[in-house]
Each structure stands twice: as structure tokens, then as C-alpha cells.
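[1] the amino acid sequence is not available; the structure is as follows:
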């Protein structure tokens with residue numbers, strides 16, 4: 001059994017927590033403010049409380065990540081740290097805010113060199129994590145990272161929760177995953193695709 005700490009309980013954090021628990025694993029959910037409605041089966045706490053999970057999911061906007069990393073400085077070493085952010089410039093909705101050729105995941109990996117950073121969930125909408133389907137296809141979580149054991153640990157949790165996981169390559173591939181997430185977000189925001197749908201993997 002794995003314990004997964006999820007920092008943030010918005011749509012994505014809640015959907016991931018539900019899948020973690022559905023797979024028979026333990027979920028710790030940390031938020032800035034107490035939740036008005038608790039997530040059944042999860043333990044709850046505030047950002048700044050001790051992290052109990054070996055896997056830590058940053059279910060936050062990219063702009064909020066630096067503050068959380070600073071709060072847990074030195075406490076994330078040895079953890080599997082999962083970044084699901086799409087570092088979109090929300091003032092223009094037309095560019096990313098990370099260095100050209102890089103990614104949010106690589107920036108986070110530089111900030112927390114003692115953690116095994118993975119990119120995952122950023123090409124999924126919360127609705128498809130909850131439903132388990134994108135149209136007629138099973139929801140697929142693409143996972144990029146340089147640590148094979150870390151990827152195996154996250155994959156085990158994802159698959160136990162009823163979703164499909166696919167190894168998307170090294171952490172460098174986070175650049176392409178974030179470009180894909182950027183495109184998916186802008187299409188949905190423009191009403192060209194649905195927030196309950198998205199990109200599906202057929203094979």
C-alpha cells in the first residue's frame with residue numbers, strides 16, 4: 001500500500017485523491033484552508049503539516065508551487081514529487097511562463113534536487129480522471145521522469161485506481177507534455193472541446 005500526499009483539493013486534487021482511495025491506497029490531502037466538505041477516506045490537514053506520503057502530488061496552479069516548495073524545504077528529499085501544472089500565462093492565455101525549451105517540471109526538479117520529480121496528470125482534465133474515460137477510450141495518465149522506480153510507484157497507484165498509465169519518457173518530455181496540456185486548455189477555454197473530454201490515447 002502506498003500513501004499519497006496531495007497538496008491542493010481543487011477539481012484535480014479531489015479527483016486524484018478519489019482515485020488513490022479507490023485503488024486501496026491512502027490519501028493525505030493538504031490545503032491552505034480547511035475543506036468545507038471532506039474527501040471521504042482521506043486524511044486532511046493544512047499546508048505546512050508534516051507530509052506522510054512517499055508520493056507527493058502538487059495539485060496546484062504553477063504560480064503557487066514555489067511557496068509550497070519553500071514551506072517544505074528539506075522535507076521532500078527522497079520523495080516522489082509529481083508535478084501536474086500547466087504553466088500557462090493566464091493574463092494572455094497565449095504563452096507559457098517557463099524558459100523556452102524547458103518545463104515547469106524541470107524547474108521544480110532544479111529547485112528540489114533531492115526529490116524524484118515526475119510530470120503526470122497535466123494532460124488530463126479532472127472530469128476524465130473521475131469518469132475514467134475520454135470518449136470511448138480509457139483515461140490515460142502520461143508519466144515522464146528520469147527515475148524508473150518513481151515512475152513504477154506512481155504507475156502502480158494510477159492503475160490500482162482504475163486508470164491507464166503510459167511511460168512518456170524522460171523528464172525532458174515534460175516540455176512536450178506541457179505543450180499538449182497548453183493546447184488542450186486553450187481549446188477547451190475557447191469552447192472548441194469540452195472540459196469533460198480531452199485528448200485520448202487509442203493504443
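    Here it is on my side, so go on. None of these values were measured; they are calculated from a predicted model.
[2] which residue is nearest the centroid of this protein?
    Residue closest to the average C-alpha location in the chain (Cα atoms, centre = their mean): residue 84, at 3.0 Å.
[3] which SS class is residue 193?
    Following DSSP: H, G, I helix; E, B strand; the rest coil, residue 193 is assigned to coil.
[4] surely it touches residue 185?
    No: in this structure, residue 193 is not within contact of residue 185 by Cβ atoms under 8 Å, at 9.7 Å. Just so you know, the C-beta spots here come from the backbone N, C-alpha and C atoms, and that holds for glycine as well.
[5] and these two? which has more neighbours close in?
    Using other Cβ atoms under 10 Å, the more surrounded residue of residue 193 and residue 185 is residue 185, with 20 against 17.
[6] right, and the more buried one touches residue 90 too?
    No: between residue 185 and residue 90 there is no contact under Cβ under 8 Å: 9.7 Å.
[7] for the lengthiest helix in the chain, which helices and strands make contact with it?
    Counting by DSSP state H, the longest helix found in the chain is helix 174-189. With contacts defined as 3 or more Cβ pairs under 8 Å, 6 or more residues apart in numbering; DSSP states H and E, the packing partners of helix 174-189 are helix 104-111, strand 116-119, strand 140-145.
[8] now render these as JSON lines, adding mean neighbour count and mean pLDDT.
    Shown next, in JSON lines, are the helices and strands packed on helix 174-189 (neighbours: other Cβ atoms under 10 Å; pLDDT from 0 to 100):
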{"stretch": "helix 104-111", "mean neighbour count": "21", "mean pLDDT": "96"}
{"stretch": "strand 116-119", "mean neighbour count": "28", "mean pLDDT": "98"}
{"stretch": "strand 140-145", "mean neighbour count": "24", "mean pLDDT": "98"}
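[9] turn these into JSON lines, including distance to residue 170.
    Converted to JSON lines, these look like this (distance: least, Cβ to Cβ, whole Å):
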{"stretch": "helix 104-111", "distance to residue 170": "10"}
{"stretch": "strand 116-119", "distance to residue 170": "10"}
{"stretch": "strand 140-145", "distance to residue 170": "7"}
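[10] for these, which one sits closest to residue 200?
    Nearest to residue 200 among the helices and strands packed on helix 174-189 is strand 140-145 (7.0 Å), distances taken as Cβ to Cβ.
[11] any residues touching the closest one, and which ones?
    Strand 140-145 has contacts (Cβ atoms under 8 Å, 6 or more residues apart in numbering) with 105, 116-121, 123-124, 134, 151, 154-155, 158, 163-174, 177, 200-201.
[12] identify the residue nearest residue 122 in space, chain neighbours excluded?
    Among residues not flanking residue 122 along the chain, residue 181 sits closest, at 4.3 Å (Cβ to Cβ, 6 or more residues apart in numbering).
[13] touching, that neighbour and residue 86? I think so.
    Yes: between residue 181 and residue 86 there is a contact at 4.0 Å, judged by Cβ under 8 Å.
[14] now do the shared contacts for the two.
    In contact with both residue 181 and residue 86: residue 122, using Cβ under 8 Å, 6+ apart.
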